[in-house]
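Enquirer: dropping a prediction and its sequence here:
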Amino acid sequence: MSQISVGTAVAEPGSKAFGAIEVTNQPGGAPVNIPIIIVNGVETGPVLWIDGCIHGSEPVGPLSILNLTQQLEPEDVKGTVVGVPAMNLLALEAARRGNPLDPFAYDMNRIYPGKPDGRLTQRVAWAHKEALVSAADLEISIHSGGKECFLSSTIFYGEDDASLELAKAMGEGWPLILHSPHPSGSPMAAMLEKGKAAITIELGGICNTLPKDMWANVDKIVGAFKNIMRHYGMLAGEARYEGQWKSGQQRAVLANRGGLWVPERDVAFQEPMTEGEVVGRIYDVHGRVLEEISTPCDGEIFGIRTLPTVHAGEWVLFFADRDGTIE
């Protein structure tokens, strides 16, 4: 195994290192950077790169990465784990989806990989991309429902065999793998352009961060990452798998009217539903129904709005248009 460096973080074989990808500075002189944690094993193996907080209102990513890197002992690892707890650090500090200091390129997961001479978020994305594609063999981006929604355990991949293998390696409790045939604006897209495996995972939301729920989500994600490491020979032990996975496409259902969003009492995640089943309603402030939200096709719900206030054009439902199974 050899030394590995990402930004200012330099890890010798059998060590952990902490540093940052330096980007620029704020007007008052404070740095704009991307924090990095490296766990470098003593034997050669893949470089697994894990990204959190491309959206600043999605805390499950940083918490999972911090817990994973704290639990890993370098002498037990073959290869390297690079953890990026907060890709979008200024958005995390503001607890916002994007960096509020940059209204021109607000959502990093739409403008990625940015450009070196662009707006502030574009520059951060570009610096991240340059480090990512040069160092990583495998990449995982962690998302959740943020302030508005809850997302159940779901994986997106780019329909290439290497990324499907990575998705399956998430193991038990991750049965839903959805297609992203032409991903763009994301780290996954940048990796796929280089012929490297990458997936995006979803779990949780701000509504799901009371201690018991938060730790359940973090433990589930950390367990999945350790299963991936066992699958690729980075950790000792035998990986475990679902055995059969459900495949499909995402259908995001948007509100057509603003009002108060009220889901049905018995909404269930990742359970079979038929087209036209009512999932919830949007009411005005006098209690009149403005719109019924129904399932757009046969399939299953994997995410739902949890913020009662809704504007026209905002998400209310994430639905999997099922197209079969994956063995």
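Expert: Nice, thanks for sending it over.
Enquirer: rest of the way, CA atoms for contacts and neighbours
Expert: OK.
Enquirer: ranges for the strands of the stretch 151-300 of the chain?
Expert: 176-179, 197-204, 245-254, 259-263, 278-283, 289-294, 300-305 (DSSP state E, counting those that start in this stretch).
Enquirer: among those strands, which is nearest Pro187?
Expert: For Pro187, the closest of these is strand 197-204, at 8.0 Å, according to C-alpha to C-alpha.
Enquirer: could you chop the protein up by domain?
Expert: When the chain is parsed with automatic domain parsing, its domains come out as 4-243, 249-326.
Enquirer: how about these in TSV, adding mean pLDDT and mean neighbour count?
Expert: Converted to TSV, these look like this (pLDDT from 0 to 100; neighbours: other C-alpha atoms under 10 Å):
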stretch	mean pLDDT	mean neighbour count
domain 4-243	96	20
domain 249-326	96	17
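Enquirer: where do the helices sit along this structure?
Expert: 60-71, 89-94, 108-111, 120-135, 161-168, 187-193, 211-231 (DSSP state H).
Enquirer: Glu242: which of the ones you listed is closest?
Expert: Comparing these by C-alpha to C-alpha, helix 161-168 comes nearest, at 7.6 Å.
Enquirer: centre-most residue in this protein?
Expert: Ile142 (2.2 Å; C-alpha atoms, centre = their mean).
Enquirer: that one pairs with what?
Expert: Beta-bridge pairing of Ile142 under DSSP bridges involves Ile201.
Enquirer: out of the strands of the stretch 151-300 of the chain, nearest to Ser134?
Expert: strand 197-204 (13.4 Å).
Enquirer: on that earlier part again, need the helices of the chain in JSON lines (columns: distance to His311).
Expert: Formatted as JSON lines, those follow (distance: least, C-alpha to C-alpha, whole Å):
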{"stretch": "helix 60-71", "distance to His311": "26"}
{"stretch": "helix 89-94", "distance to His311": "22"}
{"stretch": "helix 108-111", "distance to His311": "21"}
{"stretch": "helix 120-135", "distance to His311": "26"}
{"stretch": "helix 161-168", "distance to His311": "34"}
{"stretch": "helix 187-193", "distance to His311": "29"}
{"stretch": "helix 211-231", "distance to His311": "28"}
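Enquirer: Glu148: which of those is closest?
Expert: Proximity to Glu148, assessed across the helices of the chain by C-alpha to C-alpha, is greatest for helix 60-71 (14.4 Å).
Enquirer: how far is the closest one from where the chain is centred?
Expert: Remark: helix 60-71 is offset 13 Å from the chain centroid, using C-alpha atoms, centre = their mean, to the nearest Å.
Enquirer: let me know the outermost residue of the chain.
Expert: Relative to the C-alpha centroid of the chain, counting by C-alpha atoms, centre = their mean, His286 is the outermost residue, at 37.9 Å.
Enquirer: distance of that one from Cys149?
Expert: 24 Å (C-alpha to C-alpha, to the nearest Å).
Enquirer: for Ile282, same thing?
Expert: Distance, Ile282 to Cys149, by C-alpha to C-alpha: 15 Å.
Enquirer: what's the answer for Leu290, then?
Expert: Per C-alpha to C-alpha, Leu290 is found 21 Å from Cys149.
Enquirer: try Val278
Expert: 18 Å.
Enquirer: can you check Gly258 too?
Expert: Distance from Gly258 to Cys149, by C-alpha to C-alpha: 16 Å.
Enquirer: shouldn't Pro187 be in contact with Tyr112?
Expert: Yes. Using C-alpha atoms under 8 Å, Pro187 is in contact with Tyr112, at 6.9 Å.
Enquirer: coming back round to it: of all the strands of the stretch 151-300 of the chain, which one comes closest to Val42?
Expert: That would be, of those and by C-alpha to C-alpha, strand 197-204, which comes in at 23.3 Å.
Enquirer: and the contacts of the closest one?
Expert: 60, 137-146, 150-158, 160, 162-163, 166-167, 187-188, 191-192, 214, 217 (C-alpha atoms under 8 Å, 6 or more residues apart in numbering).
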